[in-house]
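Colleague: Pasting the sequence and the predicted coordinates here, then a few questions.
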Amino acid sequence: MQQQSTTSEVNIHLRARARDRELIDQAAEIKGENRSQFMLASALKEAKHILLDQSTIYADTKAFHTIMDWMDAAASPAEVEGMQRIVASRAPWAV
């Protein structure tokens, strides 16, 4: 059985604006991580989300129609309230 290495094997370099670095450092500090740990964890999380969004889902005809009916139906009051709350919120980094 092959064991995964815990030692970093490659370097990843990037350039950023000073204000972006400050934002990253602030978030990393809150999480108790250094900049590299925070950036790698964030990049890996986003990469996984992107790849998962590209996954193909197989469903039989009945399941497919059930899902499509749910998607085509009007939003419930709770869903509408949630969407309104999201739209009304302001990102903490927005100027």
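Modeller: Right, received. Where do you want to start?
Colleague: what number of residues lie near residue 73?
Modeller: Other residues within reach of residue 73, judged by other CB atoms under 10 Å, total 9. Where C-beta positions appear, they are placed from N, C-alpha and C, glycine not excepted.
Colleague: so who does it touch?
Modeller: Residue 73 makes contact with no residue, according to CB atoms under 8 Å, 6 or more residues apart in numbering.
Colleague: And the pLDDT for it?
Modeller: Per-residue confidence (pLDDT) for residue 73: 96.
Colleague: Let me see the backbone angles for it.
Modeller: When read as degrees, to the nearest 10, the backbone of residue 73 gives phi -70, psi 160.
Colleague: all helices for this structure, in order.
Modeller: If DSSP state H is used as the criterion, the helices of the chain fall at 18-31, 35-53, 61-72, 77-88.
Colleague: okay if I get those helices as CSV plus mean neighbour count and distance to residue 6?
Modeller: Converted to CSV, the helices of the chain look like this (neighbours: other CB atoms under 10 Å; distance: least, CB to CB, whole Å):
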stretch, mean neighbour count, distance to residue 6
helix 18-31, 12, 19
helix 35-53, 12, 13
helix 61-72, 10, 41
helix 77-88, 9, 38
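Colleague: want to try CSV for those, with distance to residue 12 as columns?
Modeller: Converted to CSV, the helices of the chain look like this (distance: least, CB to CB, whole Å):
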stretch, distance to residue 12
helix 18-31, 14
helix 35-53, 8
helix 61-72, 38
helix 77-88, 32
